[in-house]
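Enquirer: Any chance you can model this:
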Amino acid sequence: MTGKIPLQDIRNIGIIAHIDAGKTTTTERILYYAGVIHKMGTVDDGNATMDWMAQEQERGITITSANTTCYWQNKKINIIDTPGHVDFTMEVERSLKILDGAVVVLCATSGVQSQTETVWRQADRYNVPRIALINKLDRLGASFERVLGEIQERLGANAAAIQFPNASEEDFNAIVDIVERKYRIYKDDLGNNIEITDVPEEFKEKCEELRHVLIERLADVDDAIAEKYLEDQEISVDEIKKAIRQGVVTNEFLPVLCGSSLKNKGVQMVLDAVADYLPSPLDVPPISGINPDTKEEITREVSPTAPFSALVFKVATDPYVGKLFYARIYSGTLKQGSQIYNVSEKKKERIAKIVVMHSNKQEIVEEIEAGEIAALVGLKDSKSGNTLCALDNKILIENMRIPEPVVSMSIEPKTKADQDKLGLTLRKFLDEDPSLRVDYNMETAQTIISGMGELHLEIIIDRMKREFGLETSVGRPEVAYKETLTRKVTGIVGKHVAQSGGRGQYGHVVIDVEPADEKGKGIIFIDRIKGGAIPREYIKSVEKGIRDAALNGVLAGYPVVDFTVTLVDGSYHEVDSSELAFQLAAKNALREALSKGKSVFLEPIMDIEATSPEEFMGSVLGDLNQRRAKIVNLGSRGNLKTARCDVPLAEMFNYVNALRSLTQGRASFSMEPSYYDQVPTYIADTIIGARQETVTSKKS
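Expert: Numbers count the residues shown, from 1 in each chain. I've put the predicted structure just below:
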């Protein structure tokens, strides 16, 4: 298809799900039926189009979100295939930030799993309209009805089936279309030969029952349907489709489809649903942001003639063209060679090339318009999350939410000569991945990298070796502990006075410090200085000193979080006071406050869902109890038993091997960060001892 595509015919969608629900396989089939590829690869064989990284092909999982484009029913569909593993949740976060719609894939045997709930909440956060696909209906233990019930109960969705399978497991070979009252039989293994007939007698009653439920649910969100429903009038196929689309676009209704992507059944109907029900860029609210000069809220019309605005949602390094800056174009038109402005970094940038991505392959285009997704080449100072706009019409778009890292490890090059190379390589990864953190520990003289899990950091180390030829030595993974204080302390004095000939240094602050009223608040700084006790120009320095001191707590040097500092008093010297003096005074005050405020450790608690045959569940629960688990819920899924619990991350390293040995390899689990909680005293003492040993051994 050539020529410009009208905005109403563009679909920017993501495929989101729990790990191993079949996202990449579904995307592969979509590309095949849309004619983009002519042979279907599989995740197991390591030849799926969207899993192009060597690490993805070896491990059979998606690590980085990949995007591609296809056409269906005269609609242009830009697709982003996202990872399901919790360690790469940032990839889902940044994709959902810029997408207009999503296909949620669920496994017909496993149903709604912990990471399904996570991606659902992420989609809620960005108000992304969704359709759902219950996949893998060919598998042993598959149940369409059970998973449909879980979608309604566990996700709280106003969901209804618009299709249902003729059978499950090995007998599944046809789909009943509830909306059109048609029966689709798959006649060949590739899913190309489909016979469409009227609904057989044996399925008519069920079809009408589910159609009644569908119309009931639609009546809740569509007045025209409600009126006809109450008057018991026949509702046409077009009216139902229109109501479904309206319900999806407003996020009030979730149509549920069925199929088996691996067995090539139901995928064309997913494409039909994407084209029919998911929104175009015109159907979603226009992007809003702030004017960086006036701080007023402004919006940008989704139009090629509006002032240019875009959000860089991902940065990737290509071995041939260098850095690729993936961007969602919200308004205006961007031409190759044009100059634009990066509002976030306050830098001008020039676009050398614009490319449309097909997984890791590129197609160069002269220009790109509002509503599209493209990769830009030639930017120098841009990072993931930055806003790009016209030089003379600025807007700053809100960045995506960046999750807090939970696992850390030390890293150093194997040779001294590679020290500078390590720094440059880590800088490249930091530009690509906002969920990665790098710190230098002065006490232990170590570089510390922190991420979302063991696998996240393992992939970073592996990529360093493969892509940059950098051999490294790493310490064992450690939990990213935090510190906080437990009681309010007032009138804490911090002073920095120094006289060493010439001009001296004088800074004096008085602060009150108290725990935040709820978790996750970070550091809140309140200025209550009256009468000019501290000049205005030094207040920022006091806040900077507080935030710098909070990077290293008093117990074992972990970051301090969730507290409020109120600056209540202080004094200055007309000659000797400086920004540095007030920074150092504030640091001294906070250390004193933390000592008096009964600091405690906080540790990341993980939401674990273990699934096991019944005969092993006792052993699984016994092992989890030894790991300080709090059981939240026990249930069943088909013939398997499930346990949902909160467990400290510190107890979960290498859990996969322990679970395998306990259950003869027949159990599985999923895990995601949930919240931070206080560490028991006896464990806190062990942490402090281990930290002191590390410092001592490094110094010696």
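Enquirer: so where's the stretch 151-300 of the chain uncertain?
Expert: The model of the stretch 151-300 of the chain has no residue with pLDDT under 70.
Enquirer: tell me the helices in it, going along the chain?
Expert: 201-219, 223-230, 237-249, 267-277 (DSSP state H, counting those that start in this stretch).
Enquirer: Any idea which of those helices gets closest to residue 79?
Expert: Nearest to residue 79 among the helices of the stretch 151-300 of the chain is helix 267-277; the distance by Cβ to Cβ comes to 8.8 Å. C-beta coordinates here come from the backbone N, C-alpha and C atoms, glycine included.
Enquirer: centre of the chain versus the closest one, how much separation?
Expert: 25 Å (Cα atoms, centre = their mean, to the nearest Å).
Enquirer: That helix: which residues count as buried?
Expert: 267, 268, 269, 270, 271, 273, 274, 275, 276, 277 (16 or more other Cβ atoms under 10 Å).
Enquirer: what would those look like in JSON lines with distance to residue 569?
Expert: Output for those, formatted as JSON lines (distance: Cβ to Cβ, whole Å):
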{"residue": "267", "distance to residue 569": "68"}
{"residue": "268", "distance to residue 569": "71"}
{"residue": "269", "distance to residue 569": "69"}
{"residue": "270", "distance to residue 569": "64"}
{"residue": "271", "distance to residue 569": "67"}
{"residue": "273", "distance to residue 569": "64"}
{"residue": "274", "distance to residue 569": "62"}
{"residue": "275", "distance to residue 569": "65"}
{"residue": "276", "distance to residue 569": "65"}
{"residue": "277", "distance to residue 569": "61"}
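Enquirer: which one of those is nearest residue 637?
Expert: For the buried residues of helix 267-277, the nearest to residue 637 is residue 270 (24.0 Å; Cβ to Cβ).
Enquirer: which ones are touching that closest one?
Expert: 26, 30, 103, 131, 133, 257, 259 (Cβ atoms under 8 Å, 6 or more residues apart in numbering).
Enquirer: And those residues, which of them are buried?
Expert: 26, 30, 103, 131, 133, 257, 259.
Enquirer: in which helix or strand would I find the second one?
Expert: So that's residue 30. helix 23-33 (DSSP states H and E).
Enquirer: Give me the residue ranges of this protein where confidence is low.
Expert: 1-3, 39-66, 81, 83-89, 319-320, 358-361, 441-445, 500-503, 691-700.
Enquirer: And the residue nearest the centre of it?
Expert: Centroid check for the chain by Cα atoms, centre = their mean gives residue 93 as the closest residue, at 2.7 Å.
Enquirer: Look at it and tell me its secondary structure.
Expert: With DSSP: H, G, I helix; E, B strand; the rest coil as the basis, residue 93 sits in helix.
Enquirer: Residue numbering should commence at 570 henceforth.
Expert: I'll keep to 570 as the first residue from here, and by that count the last item is residue 662.
Enquirer: now, which of the contacts of residue 839 sits nearest residue 1045?
Expert: residue 595 (37.1 Å).
Enquirer: biggest strand in this structure by residues?
Expert: strand 1168-1182 (DSSP state E).
Enquirer: Against which helices or strands is that one packed?
Expert: Packing contacts for strand 1168-1182, counted by 3 or more Cβ pairs under 8 Å, 6 or more residues apart in numbering; DSSP states H and E, involve helix 683-694, strand 1051-1054, helix 1183-1195, strand 1209-1217, helix 1224-1232, strand 1237-1247, helix 1250-1268.
Enquirer: out of the ones you listed, which comes closest to residue 1161?
Expert: strand 1051-1054 (11.4 Å).
Enquirer: Pull the closest one out as CSV, backbone CA atoms only.
Expert: Output of strand 1051-1054 as CSV, limited to C-alpha atoms (Å, rounded to 0.1, in the frame of the first residue of the first chain):
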residue,chain,number,x,y,z
LYS,A,1051,16.4,1.5,51.4
GLU,A,1052,16.4,3.4,54.7
THR,A,1053,13.8,5.6,56.4
LEU,A,1054,13.2,7.1,59.8
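Enquirer: Touching it from outside, list them.
Expert: Residues contacting strand 1051-1054 (Cβ under 8 Å, 6+ apart): 1082-1084, 1122-1125, 1127-1132, 1162-1163, 1166-1172, 1245.
Enquirer: rerun that using 7 Å as the cut-off
Expert: 1082, 1084, 1122, 1124, 1127-1132, 1163, 1166-1171, 1245 (Cβ atoms under 7 Å, 6 or more residues apart in numbering).
Enquirer: Select only the buried ones of the residues you listed in ChimeraX?
Expert: Selection of buried members from those for ChimeraX, criterion 16+ other Cβ under 10 Å:
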select :1082,1084,1122,1124,1127,1128,1129,1130,1131,1132,1163,1166,1168,1169,1170,1171,1245
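Enquirer: how many other residues sit next to residue 734?
Expert: 26 (other Cβ atoms under 10 Å).
Enquirer: before we move on, what about residue 591?
Expert: 25.
Enquirer: Do I have it right that it meets residue 705?
Expert: Yes. At 5.9 Å, residue 591 counts as touching residue 705 under the criterion of Cβ atoms under 7 Å.
Enquirer: between those two, what contacts are shared?
Expert: Between them, residue 591 and residue 705 share the contacting residues residue 676, judged by Cβ under 7 Å, 6+ apart.
Enquirer: which residues touch residue 823?
Expert: 699, 700, 701, 726, 727, 728.
Enquirer: Now do it against residue 975, distance only.
Expert: For residue 823, the distance to residue 975 equals 31 Å [Cβ to Cβ, to the nearest Å].
Enquirer: and if you look at residue 709?
Expert: 35 Å.
Enquirer: Between those two, which is the more surrounded one?
Expert: residue 975 (25 against 11).
Enquirer: where does residue 719 fall, helix, sheet strand or coil?
Expert: State at residue 719, reduced to three classes by three-state DSSP: helix.
Enquirer: residues near it, how many?
Expert: Neighbours of residue 719 using other Cβ under 10 Å come to 20.
Enquirer: Can you name the residues bridging to residue 648?
Expert: residue 582, residue 637 (DSSP bridges).
Enquirer: residue contacts, it?
Expert: Contacts of residue 648 by Cβ under 7 Å, 6+ apart are 582, 584, 596, 599, 636, 637, 639.
Enquirer: Over to residue 1222?
Expert: Residue 1222 makes contact with residue 1046, according to Cβ under 7 Å, 6+ apart.
Enquirer: give me the element it is part of.
Expert: Per DSSP H and E, there is no helix or strand for residue 1222.
Enquirer: Need the winner for burial among the helices of the stretch 720-869 of the chain.
Expert: helix 836-846 (a mean of 21; mean count of other Cβ atoms under 10 Å).
Enquirer: any idea where the strands of the stretch 920-1069 of the chain begin and end?
Expert: Applying DSSP state E, counting those that start in this stretch to the stretch 920-1069 of the chain gives strands spanning 922-927, 930-934, 936-938, 942-946, 956-958, 965-966, 976-982, 1006-1010, 1015-1020, 1041-1043, 1047-1048, 1051-1054, 1058-1067.
Enquirer: picking up where we left off before, which secondary structure elements does the helix holding residue 599 contact?
Expert: Here helix 592-602 touches strand 579-586, strand 635-641, strand 644-650, helix 836-846, going by 3 or more Cβ pairs under 7 Å, 6 or more residues apart in numbering; DSSP states H and E.
Enquirer: Of these, which is nearest residue 1090?
Expert: So among those, strand 579-586 is nearest, using Cβ to Cβ, at 28.7 Å.
Enquirer: got the angle for the closest one vs strand 644-650?
Expert: With axes from the mean of the first three to the mean of the last three Cα atoms, to 10 degrees defining the directions, strand 579-586 sits at 30 degrees from strand 644-650.
Enquirer: Which elements pack onto strand 579-586?
Expert: Counting by 3+ Cβ pairs under 7 Å, 6+ apart, strand 579-586 packs on helix 592-602, strand 644-650, helix 658-667, strand 670-676, helix 683-694, helix 836-846.
Enquirer: how does it look with 10 Å?
Expert: Contact partners of strand 579-586 among helices and strands, from 3 or more Cβ pairs under 10 Å, 6 or more residues apart in numbering; DSSP states H and E: helix 592-602, strand 635-641, strand 644-650, helix 658-667, strand 670-676, helix 683-694, strand 699-704, helix 836-846.
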